[in-house]
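Colleague: Compute the structure for the input listed below.
(4 chains)
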There are 2 protein chains.
Amino acid sequence: MRAASDDPSVPRRSKTDVVDAAMTVLAENGLPGLSMRRIADVLDVQVSALYWHFPNKQALLAAVSARIVGQGSDAGEIAEAATALRDRLLAHRDGAEVVSSSLALGLLDLPARARLVEGALVAGLTDAAAHVAADTLVHYVIGFTFHEQQRMHAAVVGAANAAVDLSPERISDPGDDFAAGLALIVSGIRAAARTGS
Amino acid sequence: MRAASDDPSVPRRSKTDVVDAAMTVLAENGLPGLSMRRIADVLDVQVSALYWHFPNKQALLAAVSARIVGQGSDAGEIAEAATALRDRLLAHRDGAEVVSSSLALGLLDLPARARLVEGALVAGLTDAAAHVAADTLVHYVIGFTFHEQQRMHAAVVGAANAAVDLSPERISDPGDDFAAGLALIVSGIRAAARTGS
DNA sequence: ACCTGAACACCGTTCAAGT
DNA sequence: ACCTGAACACCGTTCAAGT
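Modeller: Presented below is the predicted three-dimensional model:
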């Protein structure tokens, strides 16, 4: 008679468990601290064990990225979809940077992109133009949020300089700035729809 | 009587020399291969010598980034300034990624940004809107080019998969796609100018 | 002023071997 | 199927010491 934890026929750790552990390490240490060894430590396992579940770190990061961006929700307006993506990135430490690299390496499917394409089509763009519009929005959302999250971290580390940077005259809500840039692109999309290209 | 190279009163290596060496390593090995040790090797120097010239790697990367983006050239149209920035990033291996991180860390002044703000003001935007427009364009240019450069590298490594990805029906010139996205944002800026906000 | 030499505390990845 | 233990070839950074 042996406990389930001793039974060799039962899986010990799944891919999901590994990603769970990675999310924990990411939340606590950020992307620079997200090492294979730290993930292994959380799982109480040797580093090499991780390589049974994932071929390399990039593949694991792609799974983490997929967790961050979630599944696609229902269709909606363009601005809504872009804002929803931004919120998911903001919800995880260094979320934008993690997603950015997985996306650039072609290792991540971004559900939000499909929603953006759909929204652009509804707005009246051609197929080709809708894809261009979606990519433009994706680059903007990720670029803006990446920049914002890096500055948040820098503000924590260099708290001394923060007082200088945050001179009251220059203060501006990043959320407002994000919305303003987004509005700029959306109005460009509407203009393109009118032109009929 | 001793040679100049033996004279301790003459500087041996300057910050410029270190950045030169870093540019060489970047060109040959890309950002992942841009290590302090490799830079030191090019200079025929110990790694620790680099820390007399720069306090850390990030500061060195900021100097490399400044070299990549160059000094600001004369004013011009918005689309020209954005395209000029993109060309500078494309001219160096992993240029967009290097610049992106320096910029996010607040370690780099982007001369192109001033030109973009100027162009937006000329187009008729308010001061605040011009800054938003410039940042939106910067995020787009860097995001697009980063994505493009990563895929170029991936295409070299995974040359086998490249044949699959490049199915003739889906082929599209990245330069054309860049211009199309840029036009979208520029037309959004023109629309904002008309609205008078 | 500019650099050496050595060390410290890490990395990602591989691989034979165990159960 | 899932993991251990040990090794390999690297990292960035620090610091006393040299010239």
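Colleague: What is the neighbour count of the closest residue in space to A:Ala49 that isn't next to it in sequence?
Modeller: Nearest non-adjacent residue to A:Ala49, counting by C-beta to C-beta, 6 or more residues apart in numbering or on different chains: A:Ala40, 6.5 Å away. To be clear about C-beta, it is placed using only N, CA and C from the backbone, and glycine gets the same treatment. Using other C-beta atoms under 10 Å in any protein chain shown, A:Ala40 has 18 other residues around it.
Colleague: try the one 4 residues further on
Modeller: When neighbours are defined as other C-beta under 10 Å, A:Asp44 has 9 of them.
Colleague: can you check A:Pro32 too?
Modeller: 9.
Colleague: Next up, the contacts around it.
Modeller: For A:Pro32, the contact set (C-beta atoms under 8 Å, 6 or more residues apart in numbering or on different chains) is empty.
Colleague: Would you mind measuring from it to B:Leu107?
Modeller: Distance, A:Pro32 to B:Leu107, by C-beta to C-beta, to the nearest Å: 16 Å.
Colleague: One more: A:Phe178?
Modeller: A:Phe178 is 22 Å from B:Leu107, by C-beta to C-beta.
Colleague: which one of the two has more residues nearby?
Modeller: Per other C-beta under 10 Å, whichever of A:Phe178 and B:Leu107 has more neighbours is A:Phe178, with 22 against 16.
Colleague: check which helix or strand covers that one.
Modeller: helix A:174-195 (DSSP states H and E).
Colleague: quick one, that helix and helix B:174-195 angle?
Modeller: 100 degrees (axes from the mean of the first three to the mean of the last three C-alpha atoms, to 10 degrees).
Colleague: got the CA positions of helix A:174-195 in CSV?
Modeller: C-alpha atoms of helix A:174-195 as CSV (Å, rounded to 0.1, in the frame of the first residue of the first chain):
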residue,chain,number,x,y,z
PRO,A,174,-0.2,56.9,-18.6
GLY,A,175,-3.8,55.7,-19.0
ASP,A,176,-4.8,59.0,-20.6
ASP,A,177,-1.8,59.1,-22.8
PHE,A,178,-2.5,55.5,-23.9
ALA,A,179,-6.1,56.3,-24.8
ALA,A,180,-5.0,59.4,-26.7
GLY,A,181,-2.5,57.5,-28.9
LEU,A,182,-5.1,54.8,-29.4
ALA,A,183,-7.7,57.4,-30.5
LEU,A,184,-5.2,58.7,-33.0
ILE,A,185,-4.8,55.4,-34.7
VAL,A,186,-8.5,54.6,-34.5
SER,A,187,-9.3,57.9,-36.2
GLY,A,188,-6.7,57.0,-38.9
ILE,A,189,-8.5,53.7,-39.4
ARG,A,190,-11.8,55.5,-39.8
ALA,A,191,-10.3,57.9,-42.3
ALA,A,192,-8.9,55.0,-44.3
ALA,A,193,-12.4,53.4,-44.3
ARG,A,194,-13.9,56.6,-45.7
THR,A,195,-11.3,56.7,-48.5
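Colleague: gap between the two ends of stretch A:98-115?
Modeller: Using C-alpha to C-alpha, to the nearest Å, the end-to-end distance of stretch A:98-115 comes to 21 Å.
Colleague: Which parts of chain A are helices?
Modeller: A:15-29, A:36-43, A:50-53, A:57-69, A:78-90, A:95-104, A:111-123, A:127-157, A:159-165, A:174-195 (DSSP state H).
Colleague: I'd like the distance between A:Gln58 and chain B.
Modeller: A:Gln58 sits 11 Å away from chain B, going by C-beta to the nearest C-beta, to the nearest Å.
Colleague: Can you report how many residues lie near that residue?
Modeller: Around A:Gln58 there are 12 residues (other C-beta under 10 Å).
Colleague: buried residues in stretch A:31-40?
Modeller: For stretch A:31-40, burial by neighbour count (16 or more other C-beta atoms under 10 Å in any protein chain shown) applies to A:31, A:34, A:36, A:38-40.
Colleague: Near chain B, which residues of chain A are found?
Modeller: Contact residues, chain A versus chain B (C-beta under 8 Å from any C-beta of the partner chain): A:100-101, A:103-106, A:129, A:132-133, A:135-136, A:138-140, A:142-144, A:146-147, A:150-151, A:154, A:177, A:180-181, A:183-192.
Colleague: Can you pull out the residues in contact with the helix holding A:Phe178?
Modeller: Helix A:174-195 has contacts (C-beta under 8 Å, 6+ apart) with A:78-79, A:82-83, A:86, A:120, A:123-125, A:129, A:133, A:136-137, A:140-141, A:144-145, A:148, B:129, B:132-133, B:135-136, B:139, B:183-192.
Colleague: got the buried residues for it?
Modeller: In helix A:174-195, counting by 16+ other C-beta under 10 Å, buried: A:177-193.
Colleague: tilt between it and helix A:127-157?
Modeller: 170 degrees.
Colleague: tell me the angle helix A:174-195 makes with helix A:78-90.
Modeller: With the same axes, to 10 degrees as the basis, helix A:174-195 and helix A:78-90 are set at 150 degrees to each other.
Colleague: Quick one: distance of helix A:174-195 to the chain centre.
Modeller: The chain centroid and the centroid of helix A:174-195 are separated by 21 Å under C-alpha atoms, centre = their mean, to the nearest Å.
Colleague: what mean pLDDT does that helix have?
Modeller: Averaging pLDDT along helix A:174-195 gives 96.
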